[in-house]
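> next one to model:
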Amino acid sequence: MEKSCTLLVHFDKATPALANEIKESLEGNDVESKIEALKKAIMLLLNGETIPQLFITIIRYVLPSEDHTIQKLLLLYLELIEKTDSKGKVLPEMILICQNLRNNLQHPNEFIRGVTLRFLCRLNESEIVEPLLPSILSNLEHRHPFVRRNAVLAVMSVYRLPQGEQLLDSAPEIVEKFLTSEQDSSSKRNAFLMLFNCAQDRAVDYLFRNVDRIADWGEQLQMVVLELIRKVCRANKAEKGKYIKIIISLLNAQSTAVVYECATTLVSLSSAPTAIRAAANTYCQLLLSQSDNNVKLIVLDRLNELRISHREIMVEMVMDVLRALSTPNLDIRKKTIDIVLDLITPRNVDEVVMMLKKEVVKTQNLEHEKNGEYRQMLVQAIHSCAIKFPEVASTVVHLLMDFLGDSNVASAIDVVVFVREIIETNPKLRVSIITRLLDTFYQIRAARVCSCALWIIGEYCLSLSEVEKGIAAIKQCLGELPFFTVTEEGEVQDQGAKKVQQVNSTTVSSRRPAILADGTYATQSAALETAMSPPTFVQGLLSSTGNLRSLILSGDFFLGAVVACTLTKLVLRLEEVQPSKVEVNKASTQALLYMVSMLQLGESSVLPQPIDNDSRDRIVLCMRLLCNTGDEVRKIWLQSCRESFVKMLADKQRRETEELKAKAQISNAQPDDLIDFYHLKSRKGMSQLELEDEVQDDLKRATGEFTKDGDDANKLNRILQLTGFSDPVYAEAYVTVHHYDIVLDVTVINRTKETLQNLCLELATMGDLKLVERPQNYTLAPESSKQIKANIKVSSTETGVIFGNIVYETSSNVLERNVIVLNDIHIDIMDYISPASCADVAFRTMWAEFEWENKVAVNTVLQDEKEFLDHIIKSTNMKCLTPPSALEGECGFLAANLYAKSVFGEDALVNVSIEKQTDGKLGGYIRIRSKTQGIALSLGDKITLKQKGGT
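The predicted structure follows:
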């Protein structure tokens, strides 16, 4: 059987020491040699060597030494050697060390006394300890605190021995008396710890006798007091009211560790608003006072837990939490914003948005490498506030529009999407937003931001002056025509000459697939990417020519098609608001001229990549429309686009409302549960805090929070049979998964009429699983059972396998070892991943970045696309990011994105692309992407197993 080890020393196995060499060194007179020899002997003992021949040598030559280092090493040696025989009796030679220990306990040097007392704490043999008791007790009155604090620990360890209460029955009284007169904080802490572990009632009495002085006690003693309170309150919940007052008084302690533990204890014990408010205030103070980022993250986690369970109290703290944004760390800022966004109410939204605006302005002034990401985070937060509370949009939208030309493309995209949504949901702001957008349009550098801004201009320029300004702004950014001219010698010259040559020198002529919103691929030129992350040639051109011209000359013809559509919409609207036909025809002719020039540029050999067919068809369609306008087509272009956008926003709002309703559902109590009524309760001798706590407990009981038991049927599903019914030893395991740990509770039953000896459960793992402890040997009586627990650590999201066997010996034949091979235990990846949501932009960014992809062909008996998708979502425990409205209808094709997050913070992305074939069966592929190989392979195996429609 494995022995407990209290000592750990590094040992170099390449140079093992010989027992004879050690013996010679110990017998010599050189102190340094003796020290080295003792160290080697200790290392050999730690690695399983017994070396019994050294014991007498050490007694003769080492024991009398006065050197402190040798005495310390001697105690370590005595700690490690075997002190009992095979029957558990103390070896007779151990009597030789008792006199030495007694001498050490009476030694004039306090260090020798202290380390000897510490050594006695690790002795389990009462026969050795018994003769030393008078010396131990006498050290409680020693002048030096180092000796006294170790003497108290020695008394505690003796009292906790199997026969300890007979050896030292008056220990609690002695220690309590010692505690009342002791002044040293560490000694008091050890004495209180002894009472806490061995005589809890005495510890509680002492606590209440000195309740007024708790604030002056040392940090270590205060921590033990909090542990005592937790233990007592768990055992007797009725008395927790008087303890809560002690905890609240400790919230003003000097030590931040004590303050943090107080707040945590307060939240775990009480639901009274006063107590929760005090804990939340404490967390907020720690958040601001602590400089360590890890501490801030832990405190934010605690605040997030309070947000979930006590939202109404946390709403009052929202501005205090927001002050954590002063920390430059992005993880802390993100967590802070996530907490705050869920605490916004009509009363505090103005203050929150004002604070976020100030932070946005700061990102403009300070030069920090992560400013772009932080600004994007703030823009998304303000967007969320403005959608929930439209009245604040007017205060932020104009400030954010200054960042449309941001060099951080992701941040600029978030701004323009925010503007697009606000201009629709807040009609009063339409005129001011359009005016500001037209004034700042020339500053926009990124193609995707330009596309969205052009759509806004095309849809929301309604009056004559707005339409004319819109057309003028686009013409200004496109520059003079033509885009290029070719001389007789074939050289590119004039307005486009220098620009096109620069483009040629920097544009990569390769093509690579881009990910569309539905997860499918489309081919795009690498030139588009260079335009989106503003390279040097684009910045150089922006100073001299318009942004649209620069981007189109870099080969971005998708943007060219968007320009054509916007000009078409503006001209169509101009026909409605402009009485002069001459002006309308003039604008129409200029728009057609720009479209023809873009087609000419795209079909020329000037650019390395010609115009793509989609963009060409779109521009040609716009030209035909301007040449021949019909009422039906006009309605589609001027009304239907806007209606589709309104429908999309309404669908998004509906989905968010449904999610909030689902989160708000709480469990209800049973109809026959007891309910206490606040006004009928006895209030005698109870403080206001105790009354509040009682009321909150009653509310929890009434709403069923105290009765949230797990699903019993689900528990039964986790019991796995490891051996057969006909095996001599039957074993089954109950598997519990706690995020980073797996606990196997194995029941082993001896089905024979013989006693099984040295029965051992040997386990091994495959994958990122690691066994924590070594197996132990057990003796199992006939037809008896044994519960064996095994702990396994998990380090990544991956399907792991646990396998092993049971080895035992029978009483009839001790020499023969029997082996029973166990059934494999497969750890399911579903225990580690949970549904999560993310924005479409973030999904596509991760899809492009992640390097591991697993492609699974669809092979199923199901014939309905939607039914198959629902089956995959249920089987993989993921969330569908594609809105239900996009999955409606019968078209024979379905594409959807699924997303989940693991407990280790890993992202799992899945794209389902399926179509109904001519024979009625479903075909297609399910693609899984992740940053790590394990999650991609494990999810692929799970989908392959489950996709056929089985359970």
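
> what is the mean pLDDT for stretch 885-902?
Along stretch 885-902, the predicted confidence averages to a pLDDT of 85.

> residues of that stretch that come out buried?
Across stretch 885-902, burial judged by 16 or more other CB atoms under 10 Å covers 886, 894-902. C-beta here means a position set from N, CA and C on the backbone, and glycine is covered the same way.

> quick check: end-to-end length of it?
Distances were taken as CA to CA, to the nearest Å; on that basis the terminal residues of stretch 885-902 are 28 Å apart.

> tell me which strands whatever helix or strand V743 lives in pairs with, and in which orientation.
Under the criterion of DSSP states H and E, V743 resides in strand 741-750. Strand pairing for strand 741-750, determined by DSSP bridges: strand 729-738 (antiparallel), strand 785-794 (antiparallel).

> what's the next secondary structure element after the last one?
Sequence order places strand 800-810 as the next helix or strand after strand 785-794, per DSSP H and E.

> helices and strands of this protein: which one bottoms out on pLDDT?
The helix or strand with the lowest mean pLDDT-type score in the chain, counting by mean pLDDT, DSSP states H and E, is helix 536-542 (a mean of 34).

> wait, what's in contact with the closest residue to E583 other than its chain neighbours?
Take E583 and drop its neighbours on the chain: the residue closest to it by CB to CB, 6 or more residues apart in numbering is L574, 7.5 Å away. Residues touching L574, when contacts are defined by CB atoms under 8 Å, 6 or more residues apart in numbering, comprise 464, 467-468, 471, 583-584, 587.

> L574 and I456, how far apart?
Distance from L574 to I456, counting by CB to CB, to the nearest Å: 17 Å.

> for the stretch 601-750 of the chain, which segments count as helices?
For the stretch 601-750 of the chain, the helices defined by DSSP state H, counting those that start in this stretch occupy 613-627, 631-635, 641-664, 688-702, 712-717.

> distance from the second one to the middle of the chain?
Its chain's average C-alpha position is 52 Å from that of helix 631-635, according to CA atoms, centre = their mean, to the nearest Å.

> swap in stretch 101-118?
Centroid separation between stretch 101-118 and its chain, computed with CA atoms, centre = their mean, is 50 Å.

> what are the buried residues along it?
Of the residues in stretch 101-118, those with enough neighbours to count as buried (16+ other CB under 10 Å) are 101-102, 104-105, 107, 110, 112-118.

> what sits up against it?
Counting by CB under 8 Å, 6+ apart, stretch 101-118 makes contact with 68, 71-72, 75, 119-120, 128, 131-132, 135-136, 138-139, 142, 144, 146-147, 150-151, 153-154, all of which sit outside it.

> just the buried residues out of those residues, in PyMOL syntax.
Buried members of these can be picked out in PyMOL with the line below, counting by 16+ other CB under 10 Å:
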select buried, resi 71+72+75+119+120+128+132+135+136+139+142+146+147+150+151+153+154
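
> so which of the contacts of stretch 101-118 belong to helices?
Taking DSSP state H as the definition of helices, those contribute 68, 71-72, 75, 119-120, 128, 135-136, 138, 146-147, 150-151, 153-154.

> and of those residues, the nearest to R929?
Nearest to R929, judged by CB to CB, of the ones in helices among the contacts of stretch 101-118 is L153 at 56.0 Å.

> relative to F893, how far out is the closest one?
Computed with CB to CB, the distance linking L153 and F893 is 74 Å.

> A272 too?
A272 is 57 Å from F893, by CB to CB.

> isn't E227 up against F196?
Yes. Between E227 and F196 there is a contact under CB atoms under 8 Å: 7.1 Å.

> more crowded one of the two?
Taking E227 and F196 together and counting by other CB atoms under 10 Å, F196 has the greater number of neighbours (21 against 14).

> so where does the more buried one fall, helix or strand?
Take DSSP H and E as the rule and F196 turns out to sit in helix 185-198.

> just checking, next helix/strand downstream of that helix?
Scanning forward in sequence from helix 185-198, with DSSP H and E defining helices and strands, the next element found is helix 200-209.

> buried ones in that following helix?
Counting neighbours by 16+ other CB under 10 Å, one finds that the buried residues in helix 200-209 are 202-204, 206-207.

> who's in contact with it?
Residues from elsewhere that reach helix 200-209, judged by CB under 8 Å, 6+ apart: 172, 176, 179-180, 192, 195-196, 214, 225, 228, 231-232, 246.

> format the CA atom coordinates belonging to it as CSV.
Listed next in CSV are the C-alpha coordinates belonging to helix 200-209 (Å, rounded to 0.1, in the frame of the first residue of the first chain):
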residue,chain,number,x,y,z
GLN,A,200,-15.5,23.2,17.8
ASP,A,201,-17.8,24.3,20.6
ARG,A,202,-14.8,25.8,22.5
ALA,A,203,-13.7,27.6,19.3
VAL,A,204,-17.2,29.1,18.9
ASP,A,205,-17.4,30.1,22.5
TYR,A,206,-14.0,31.8,22.3
LEU,A,207,-15.1,33.6,19.1
PHE,A,208,-18.2,35.1,20.7
ARG,A,209,-16.4,36.0,23.9
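
> could you check the angle that helix makes with helix 185-198?
Using axes from the mean of the first three to the mean of the last three CA atoms, to 10 degrees, the interaxial angle of helix 200-209 with respect to helix 185-198 works out to 130 degrees.

> neighbours of the residue lying closest to S186 once chain neighbours are set aside, just the number please.
Using CB to CB, 6+ apart and skipping residues adjacent in sequence, the residue nearest S186 is R149, 4.8 Å away. By the criterion of other CB under 10 Å, R149 has 22 neighbours.

> I'd say R149 and N190 touch.
Yes. Here R149 lies in contact with N190, judged by CB under 8 Å, at a distance of 5.0 Å.

> OK, contacts around the nearest residue to L140 once chain neighbours are set aside?
Distances taken as CB to CB, 6+ apart put A151 closest to L140, at 4.9 Å, once the chain neighbours are dropped. For A151, the residues meeting the contact criterion (CB under 8 Å, 6+ apart) are 117, 136-137, 139-140, 142.

> can you pull the contacts of K770?
Residues in contact with K770, defined by CB under 8 Å, 6+ apart, are 792-793, 795.

> out of those residues, which comes closest to T932?
T932 lies nearest to S795 out of the contacts of K770, by CB to CB, at 11.0 Å.

> I'd say the closest one and D768 touch.
Yes. Proximity of S795 to D768 meets the contact threshold set by CB under 8 Å, at 4.6 Å.

> compare the two (neighbour count), which wins?
Counting neighbours by other CB under 10 Å for S795 and for D768 shows that D768 has the greater number, 17 against 13.

> now do the more buried one, the pLDDT please.
Value for D768, per-residue pLDDT: 72.

> assess the claim that it and G934 are in contact.
Yes. D768 lies in contact with G934 (CB under 8 Å); the separation is 6.7 Å.

> run the chain-centre distance for stretch 456-464.
When C-alpha coordinates are averaged (CA atoms, centre = their mean), stretch 456-464 and its chain have centres 45 Å apart.

> list the buried residues of it.
When burial is assessed from 16+ other CB under 10 Å, stretch 456-464 yields the following buried residues: 456-461.

> which SS state does L894 fall under?
In the three-state summary, L894 is assigned as strand, counting by DSSP: H, G, I helix; E, B strand; the rest coil.

> how about it, what does it touch?
Applying CB under 8 Å, 6+ apart, one finds that L894 lies in contact with 865-866, 869, 887, 912-915.

> before we move on, back to that, by contact count, what packs against the helix holding F196?
Helices and strands touching helix 185-198, as assessed by 3 or more CB pairs under 8 Å, 6 or more residues apart in numbering; DSSP states H and E, comprise helix 145-159, helix 171-181, helix 200-209, helix 219-235.

> mind checking those helices for the one nearest to G800?
Shortest distance between G800 and these, using CB to CB, is found for helix 219-235: 34.0 Å.

> other SSEs contacting the closest one?
With contacts defined as 3+ CB pairs under 8 Å, 6+ apart, the packing partners of helix 219-235 are helix 185-198, helix 200-209, helix 240-250, helix 256-269.
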